[in-house]
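Trainee: What would the 3D arrangement of this be:
(one chain, ligands or ions: 1)
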Amino acid sequence: MKKGLCVYPGSFDPVTIGHLDLIERGADIFPEVVVAVLHNPAKEGCFPIVQRLELLARACSHLPNVRFDQFDGLLVDYMKKLDAGIVLRGLRAVTDFESEFQMAQLNHQMAPDVETLFLMTAPEHAYLSSSAVREIGMFGGDIAPFVPACIVEDVRRALKP
Ligand code: ADP
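Mentor: Numbering: from 1, shown residues only. Next up, the predicted model:
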């Protein structure tokens, strides 16, 4: 199992500067990071998966050890497929803790040799989520402070009321 291969799973619908901060910090720690977009057929989401991947790739083009993929089904099965040893997740507030704790425990039970590591949010991003960005954009607010500069126009266009 590759302990240097870290998977950062999430919806990234769309990627925010909070996600980007976590990806940059992960890429500093691990030789290789895979940002994996969960394709949940029961939850279509707002941005198509292909566009989420495209926006992620553009926002992370300065990070040579980061690549992008999509997966469906169980995260532990995807980890096995990649032979990856580390799951990276972010914690924003105490409200994140309960669901993240549950997910990490269940994953540990199913795949004991996979570790889940948490990075604390940077305080300036503690309030930030993709759903907040979608809401602000759909109501015509300015999303520029919340997403990477190189994707602002695309996100703005996609959410335009
Ligand atoms: P999910 O729908 O799986 O929660 P998200 O795309 O919302 O996926 O988030 C993926 C991961 O990134 C989660 O671990 C989440 O806690 C973390 N994350 C999201 N926004 C931030 C932020 N502003 N600061 C730090 N971590 C964040």
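Trainee: Tell me the residues of this structure that contact the ligand?
Mentor: 10-12, 16, 18-19, 22, 89-90, 92, 96, 121, 125, 128-130 (CB under 6 Å from any ligand atom). No exception for glycine: its C-beta is placed from N, CA and C like everyone else's.
Trainee: quick one, strands of the chain?
Mentor: For the chain, strands defined by DSSP state E occupy the ranges 2-10, 32-38, 66-71, 84-91, 115-120.
Trainee: which stretch in those has the least confidence?
Mentor: Among the strands of the chain, strand 2-10 has the lowest mean pLDDT, at a mean of 93.
Trainee: What pairs with that one, parallel or antiparallel?
Mentor: strand 32-38 (parallel), strand 84-91 (parallel) (DSSP bridges).
Trainee: Spatially nearest residue to Tyr8, not counting backbone neighbours?
Mentor: The shortest distance from Tyr8 to any non-neighbouring residue, by CB to CB, 6 or more residues apart in numbering, is to Leu88 (4.3 Å).
Trainee: which ones are touching Gly85?
Mentor: Counting by CB atoms under 8 Å, 6 or more residues apart in numbering, Gly85 makes contact with Met1, Lys2, Lys3, Gly4, Leu5, Cys6, Met79, Asp113, Val114, Glu115.
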